[in-house]
Every structure is written in C-alpha cells, then in structure tokens.
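Asker: build the 3D model from these lines:
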Amino acid sequence: MKSLSSTCLGLPLRFARHTRGNVAMIFALALLPLTVLAGGAIDFNQAMNARTRLAQAIDAAALAIGTYPDIGRGDATTIAQDFLAANYPEWEIGQLQSLSVDLDTINDTVTVNATAKVDTAILGLVGIDSLTVDWESEVVRARQNLELVMVLDNTGSMGGSKISALRDAANLLTEILFDAAEDPDAIHIGLVPFAATVNVGPGYERAWWLDPNGANPLHAEWSGAANANHWDLFDAMRYETWEGCVEARAIPMDIDDTPPSNGAPSTLFIPYFAPDEPDNDWDYRNNYINDGTSGSTNTRLQNLDKYEDGQVWDDYGPNMRCTTTPITPLTNSEATIVNAINRMGASGTTNIPQGVGWGIRVISPEEPFTQGTAWDDEEILKAMVILTDGDNVMSGRSTELRSDYSAYGFSRDGRLGTTSSSSWTLRNELNDRLEAACALAHEMDIRVYAITFQVSSSSTRALMQDCASHPSLYFDSPSNSALRDAFQMIAGDLTNLRLSR
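Answerer: Okay, here's the model as predicted:
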C-alpha cells in the first residue's frame, strides 16, 4: 500500500503528464487550419501567377485581332486560340476553361475573355479543389496618324537566319500598318539600319549640313591640322569615295536633333573617314597605305601627304566600319520601305545610341531630315521601334590612340567622355549615351518599343527594357518566331489600338 506522501507526490506528476497530452492534442487540432492557411497562401499565389500569364496572353490576342479591320468572328477566335497556345501553353499553371471573342463593329472594339482553372495543393483539404481565374481585354481604335521609325541592328552577329527573320518581322509590321490605314497619307515609316556607324546615304555628299568646308572643330581632329578636311582626303585618294556614313557630333549633340547651322560649326555633321593607322605597330588594325614617313605614331598618323593619290591595298580603308545600307526617310510608300528592309545586311559592330539618335532625327521636323511633323502636333503619334541582338561595342587598344576608330573617333581624343583604352569602360560610356538617347526620346513624347533578339546579357536586356516607354513595350525575343510575335504585337498597338480596360 502506497503512503499518503507518495500518493500526494505522484498527483502533480500525473497532472503534468496529462497537461502535456492536452497541449499536444490542442496543437494537433490547431495545426490543420494553420497548415491550410499557409498552404492556401501558396495556392492563391499560384492562382495570381496564372492570372498574370493569362492576362498577358489575352492582351496580346486582342491586339493581334485588332490589326485586321474586317476580320470575322471565326478567324478572330482562331487567332486568339493561336496566341493562347503560344503565350499560355498547356504546361503553364492552370487549364484553360473558356475563351470568347466579341467584335463590335459599331464602336470598333475587340473584346477577348478567358477563364482558367488552377488546381490546389492544400486547399483541397477543406474541400476547395481548384480556383478559377479570368481576364478580359478590350481594344479600341484611336484613329490617329502615325510617324514610325524602325531603328534596327544590322551588325555582323545578325548574320544568317537572324537577319532574314528581322526582314520578315519588319515587313510584317509594315504590311499590317499600311493595310490598316484608311488614308494612305495617315502613315509614314522611316528606317535606320545601324552598326558601328549610321549611313545617311552617299547622295548627300558635300551637303551643306555635312560640313563641306571642314568648319566643325572635330573634323579630322585626329590629324592635328586646323585645316584638315575629310572631304579633301577622299578626293585625294584613288578609287575611294565616301560611302555615306557619319560621325558623332560633340556630346550632347551626338544623340539629339539640334539642327545643323553654318553659323554654329559644331552643329554640322562630319563625314566618316577612318584614317590610315601607323605602320609601326601590329596593334593598329586599319593600316591601309604606306605612312610615307618614319618616326612617332603622331608623325605617321598626321602625315596627310600620304593620302595624295593613295590607294587602299587591303580590306580596310577610310570607310572601315561603314557597313550598313542608308537611312530611309519617312515615307508613305510601302514599296519604298519594303525595298529598304529587304536590302538590309549584317556586318560590323554595335553602336545603339547612334542608331537611336538618328531615329530621333528621322521623325524630327528639323534638318537634316524634315519629313517629320511638328513635335507638338496632337494629330500625330510619333513612335520608334529599336532592336538589337547584342551589347554596345567600341574596341579599346593598348596603343597611343587607345581604341579603333569609331563614330566617336579615337578614344585618345575623349569624344565619348573618356580616354580609356578599356573596351569595358568604352562600352559603359556607350551605354550611358544610349540611356541619354532613350530619355530624350521619352521627353519628346516618342512612343518607344524596345526589342532584344537572342540577347544573353542580362544588363543589355535591362538597358533596353528601361529604354522602352513602358515595361509592356519591351519584348525579349529568344527565337525567330518570338521576334515575329513581338513585331505583330507592336503592329497591333500601332494600328491605333489601345487597351481600354
């Protein structure tokens, strides 16, 4: 028989054991709703992700349908199904449940609605096996005249199937815009192919705004001679003519539309002329005639007499890095733009800011191209499509000149804002000029669409996304088909369509 003391002593111990059991049971009972709440948040987050993807697909489908003014409901539904298949594939979260397309010919609107079912992982424990998400997009024609310039990368990395895909996509955009225009004069398109330089066209040789008298202080800056003139050097050489490319003006005029003026020599544009580089260093790449002298780099570089009757004896020369076809000014001729697109090739390195700068000038009403309407004309939408497939490039060299010659001359002369010989530093400076060019386009109320085409660099993708007027106007295209889709979506927006809800 247990003593009273031992019995009394045992009561607290038994009570403690019972208490632990009660706490464990209460915790177990509470764990289910806590688990459901936590897991439910995950299920809801999955549903919101599915809704975002569905919204993007529906918006794209509505814009695409709207590019066809006389489309029927059956064809419109087929287009919507195709866009959903491409942008909301079966392996995405959620299963498509319904899709409807409504065409309102009275109010000229297109409405696309879809729903998707998202299976739950945790909420099923309380009887909620799925969540339904939906999205509706409506687009309406704004009926506004358009001036568009396409600023397109024509560098060497665009060779092969890529340049073919670009031509195809740019032609698609052109075709859609002209087909949708009720008035042929309501749409004007220009084209700026770019590589290391931009080509304004050899037909402008010695035009007044191309500094025929060498008045711009940057004209032949590399020569050290006050009276040096690129035009005279071309004239002095045998079998060499200016092929149409231009150099950058002094910052900030390198990317803006400051009109050229004979009364302000620094505003005049400079014909591109890559000088013969010295014979005495293998690091000099553009060495195409005999120096005609010995001595230092400057002595060899600045001996202008060697150009008299000089003849290029290798693949380089004064037009080195002038690789693109010429600019096509704004025109309402579809055939003119299509022919210019089809002539585009792929050669050279990348200078995106020069492309954007000339894009601004093409849709500007100022010289040298005056086809653009006034900036404050409320009847005109000015837009720009910018495409690149790679990073900006200016090649640094461990020479006295510190770089290859470019639209910004030699790095030694500091025209890009640095005298560095580092290709990385020079690229960063070009990136800064691109940011400035895009910011200027935004300030001038240009609607900017930016496209990266098979670009692996996350920094370049981020740079181009920031260049677009809105994140939704940036398109990263990892394939030829994605590029075509991007141009078609841009066409949908530019056929005077806007998301109204």
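
Asker: so which residue is smack in the middle of the protein?
Answerer: residue 450 (3.1 Å; CA atoms, centre = their mean).

Asker: surely residue 320 touches residue 286?
Answerer: Yes. Contact criterion CB atoms under 8 Å: residue 320 and residue 286 qualify, at 5.1 Å. Glycine gets a C-beta too; all of them are placed from N, C-alpha and C.

Asker: give the intersection of the neighbour lists for the two.
Answerer: Shared contacts of residue 320 and residue 286 (CB atoms under 8 Å, 6 or more residues apart in numbering): 274, 405.

Asker: who has more neighbours, the two?
Answerer: Summary of the neighbour comparison: residue 320 and residue 286, criterion other CB atoms under 10 Å, with residue 320 having more neighbours (24 against 17).

Asker: contacts only, for the more buried one.
Answerer: 274, 286, 405.

Asker: wait, doesn't the second one sit right on residue 316?
Answerer: Right, residue 286. Yes. The pair residue 286 / residue 316 is scored as a contact, 4.7 Å apart, by CB under 8 Å.

Asker: overlap in contacts, the two.
Answerer: Common contacts of residue 286 and residue 316, defined by CB under 8 Å, 6+ apart, comprise residue 274.

Asker: hmm, back to that, quick check: next helix or strand after the strand or helix carrying the residue nearest to the centre of the chain?
Answerer: Under the criterion of DSSP states H and E, residue 450 resides in strand 447-453. As assigned by DSSP H and E, the chain's next helix or strand after strand 447-453 is helix 458-467.

Asker: what mean pLDDT does that following helix get?
Answerer: On average, the pLDDT along helix 458-467 is 97.

Asker: ok, stretch 433-443 next?
Answerer: Mean pLDDT, computed over stretch 433-443, is 98.

Asker: hmm, which of the contacts of residue 320 is lowest in pLDDT?
Answerer: Lowest pLDDT among these: residue 286, 94.

Asker: how far away is that one from residue 161?
Answerer: Per CB to CB, to the nearest Å, residue 286 is found 30 Å from residue 161.

Asker: before we move on, what about residue 248?
Answerer: Separation of residue 248 from residue 161 (CB to CB): 31 Å.

Asker: residue 200: what's it in contact with?
Answerer: The contact partners of residue 200, taken as CB under 8 Å, 6+ apart, are 210, 244, 245, 246, 269, 326, 327, 358, 368.

Asker: one more: residue 271?
Answerer: The neighbourhood of residue 271, defined by CB under 8 Å, 6+ apart, consists of 205, 210, 211, 230, 231, 234, 242, 245, 246, 247.

Asker: try 10 Å this time
Answerer: By CB atoms under 10 Å, 6 or more residues apart in numbering, the residues touching residue 271 are 200, 202, 204-207, 210-212, 214, 219, 229-231, 233-234, 242-247, 318, 322.

Asker: show me what it bridges to in the sheet.
Answerer: Taking DSSP bridges, one obtains residue 246 as the residues bridged to residue 271.

Asker: what does the pLDDT read for it?
Answerer: pLDDT at residue 271 comes out at 98.

Asker: what separation do you get for residue 44 and residue 118?
Answerer: For residue 44, the distance to residue 118 equals 9 Å [CB to CB].

Asker: any common contacting residues for these two?
Answerer: With CB under 10 Å, 6+ apart as the test, residue 44 and residue 118 both reach residue 131.

Asker: so for those two, which residue has more residues nearby?
Answerer: Using other CB under 10 Å, the more surrounded residue of residue 44 and residue 118 is residue 118, with 20 against 14.

Asker: the more buried one bridge partners, please.
Answerer: Residue 118 forms beta bridges with residue 131, as assigned by DSSP bridges.

Asker: my read: it touches residue 95, true?
Answerer: Yes. Counting by CB atoms under 10 Å, residue 95 is a contact partner of residue 118 at 8.0 Å.

Asker: would you mind checking the contacts of residue 200 for buried ones?
Answerer: By neighbour count, with 16 or more other CB atoms under 10 Å, the contacts of residue 200 hold 210, 244, 245, 246, 269, 326, 327, 358, 368 as buried.

Asker: could you measure from the first one over to residue 376?
Answerer: Meaning residue 210. 29 Å.

Asker: same check, this time on the last one
Answerer: The span separating residue 368 from residue 376 equals 21 Å under the rule CB to CB.

Asker: do the same with residue 310
Answerer: 50 Å.

Asker: more crowded one of the two?
Answerer: The neighbour count for residue 310 versus residue 376, taken as other CB under 10 Å, is higher for residue 310 (21 against 7).

Asker: give me the secondary structure label for the closest residue to that one other than its chain neighbours.
Answerer: Leaving aside its chain neighbours, residue 310 sits nearest to residue 289 (4.4 Å; criterion: CB to CB, 6 or more residues apart in numbering). Put simply, residue 289 is coil when judged by DSSP: H, G, I helix; E, B strand; the rest coil.

Asker: what's residue 289 in contact with, if anything?
Answerer: For residue 289, the contact set (CB under 10 Å, 6+ apart) comprises 237, 276, 279, 306-307, 309-314, 316-318.
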